[in-house]
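In: Make a model of this:
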Amino acid sequence: MSRSSRVSTSAADPAAPLRGNFAVTFAGNALFAASQWAVLSLIAKLGGGRMLGEYALAVAIVSPIALFSHLNLRAVLATDIEGRHSFGDYLAVRLATTAPALAAVVGIAVAARYPWRLAAAIAGVGLVLSLDNLSDICYGVLQRRERMDQVARSTAARGLLSTAAVALALALTGSLLAVVFAQVAARLAVLAVYDGPRAAQGESLARAGLAVEAALARTALPLGAVMMLVSLSGNLPRYAIERRLGTLELGAFAAVTSFQTVGSTVINALGQAATPRLARYFSSGETRRFRKLAAQLAGLAGLLGAAGVLAAWIMGRWVLGLLYRAEYAAYSGLLVSAMAAAVLACAGGALGYVITSARAFAAQAPLFALVAAVSGAASWLLVPRMGLQGAVLALAIAWAVQISGEIAILRVALRRRESCA
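Out: Below is the predicted model:
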């Protein structure tokens, strides 16, 4: 299939209005986030705080590696409006980065000399996130077509099937290892039955060759570094907690900070729905429309964060006791602090989509290296002195640095674009 025919096929898909794309994306992401909450709740209630802490540790170890291999290739594909590369090239790059990342996860699990069950669970979480990476590249094709309804169906199915599988695994075995591999089975089913067939429709799986794919990987590499650093900066406080305070406290921190995903769920839905539109505005030089949509995205992020703080203050104690265990209600003050920090996270996440839609890729890596360094230094200083509140404060400081850098990157990108107009 020629490039022109490939682009026309993709462009022929009915593009839903932005509000409609946001609505369906939010619904899918909300169901997935609720399912993730349900998994944590099930582990806490049926497996106990120590199992929850071990699961949180496994996710914290695997996430930076998996996200580096991710390369945020979905964003590169979704903003490739001209269809410069085939889906086959994007898929080949995703496979070429995911396989060694999974091998690295297994190597770390073995080298760290964890008990074999925990090491196997870490490897299993690596496999879960590897399968998520493959679904994600399928989403990139659907997002470029603005078929967010299909992305939403898949996202919801991954979450709901995983929750059902985890509940069954805990009921039958009470084993963390069974929980992890139940998620593997659910993710694999959705990828094989839905994601792959939908993404391949009307797309060329032909490959342009290793040289082209290597160039594509180099284009996306800064975003892979960014995603790894973003994950690392968010997980460095967890490493400090596990080292200084133990897995029980890590489990409590994971339970409390899981509520921050409410904001990220909405921001991701907004950002994913708006990215193709922002990319078109930027590419065509419509900077006034670009600025307006970017400002709306950032404003909504701020309002969302403020609502989260209010909800945590009013209902936090009750919600923690209901979703987890009664003893977790004692962490309601920590929840209010975590949601206050999440205001910065929401704003930073929204700005991240904006600068990515402007294809300002290379400038992001140095910024997020600084953010990770700040997060790590603050965590190791504050956690021993302030406990879990110190971990929340470390995140807030890191997110403030992130926002400052993103604003600077956006200003430079807009000046360059307007000078070319």
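In: Next one: residue 391 from residue 341, what distance?
Out: 10 Å (Cβ to Cβ, to the nearest Å). For glycine as for every other residue, the C-beta is placed from the backbone atoms N, C-alpha and C.
In: quick one: contacts of the helix or strand hosting residue 42?
Out: Using DSSP states H and E, residue 42 sits within helix 18-42. Contacts to helix 18-42, defined as Cβ atoms under 8 Å, 6 or more residues apart in numbering, come from residues 16, 52, 55, 146, 148-149, 151-156, 158-160, 162-163, 166-167, 170, 179, 183, 254-255, 258, 261-262, 264-266, 268-270, 272-274, 277, 323-324.
In: try stretch 411-421
Out: Identification of contacts with stretch 411-421 by Cβ under 8 Å, 6+ apart yields 282, 285, 287, 290-291, 355, 358, 360, 363.
In: buried set for that stretch?
Out: 413-414, 417 (16 or more other Cβ atoms under 10 Å).
In: any idea how far it is from the chain center?
Out: With Cα atoms, centre = their mean, to the nearest Å as the basis, stretch 411-421 stands 29 Å off its chain's centre.
In: Give me the mean pLDDT for it.
Out: If you average the pLDDT over stretch 411-421, you get 80.
In: Drop anything exposed from the contacts of helix 18-42.
Out: Buried, going by 16+ other Cβ under 10 Å: 16, 52, 55, 146, 148-149, 151-156, 158-160, 162-163, 166-167, 170, 179, 183, 254-255, 258, 261-262, 264-266, 268-270, 272-274, 277, 323-324, out of these.
In: Okay, and which of the residues you listed map to strands?
Out: Per DSSP state E, strands hold no members of those.
In: Let me know the angle separating the longest helix seen in the chain from helix 18-42.
Out: As assigned by DSSP state H, the longest helix anywhere in the chain is helix 287-323. Put simply, helix 287-323 runs at 30 degrees to helix 18-42, going by axes from the mean of the first three to the mean of the last three Cα atoms, to 10 degrees.
In: And helix 287-323, what does it pack against?
Out: Here helix 287-323 touches helix 247-257, helix 261-283, helix 332-357, helix 388-420, going by 3 or more Cβ pairs under 8 Å, 6 or more residues apart in numbering; DSSP states H and E.
In: Looking at those helices, which is nearest to residue 132?
Out: If you check each of the helices and strands packed on helix 287-323 against residue 132 by Cβ to Cβ, helix 261-283 wins as the nearest, at 13.5 Å.
In: What angle do helix 332-357 and the closest one make with each other?
Out: Here helix 261-283 points in a direction 20 degrees away from that of helix 332-357 (the same axes, to 10 degrees).
In: For helix 261-283, C-alpha coordinates in CSV please.
Out: C-alpha atoms of helix 261-283 as CSV (Å, rounded to 0.1, in the frame of the first residue of the first chain):
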residue,chain,number,x,y,z
THR,A,261,-4.9,8.7,39.4
VAL,A,262,-8.3,10.4,39.4
GLY,A,263,-6.7,13.5,38.1
SER,A,264,-4.3,11.7,35.8
THR,A,265,-7.3,9.8,34.3
VAL,A,266,-9.1,12.9,33.3
ILE,A,267,-5.9,14.7,32.1
ASN,A,268,-4.9,11.7,30.0
ALA,A,269,-8.4,11.6,28.5
LEU,A,270,-8.3,15.3,27.7
GLY,A,271,-4.7,15.2,26.5
GLN,A,272,-5.2,12.1,24.3
ALA,A,273,-8.4,13.5,22.7
ALA,A,274,-6.8,17.0,22.2
THR,A,275,-3.4,15.8,20.9
PRO,A,276,-4.3,15.3,17.2
ARG,A,277,-6.2,18.7,17.2
LEU,A,278,-3.3,20.5,18.9
ALA,A,279,-0.8,18.9,16.5
ARG,A,280,-2.8,20.1,13.5
TYR,A,281,-3.1,23.6,14.8
PHE,A,282,0.6,23.7,15.5
SER,A,283,1.6,22.1,12.2
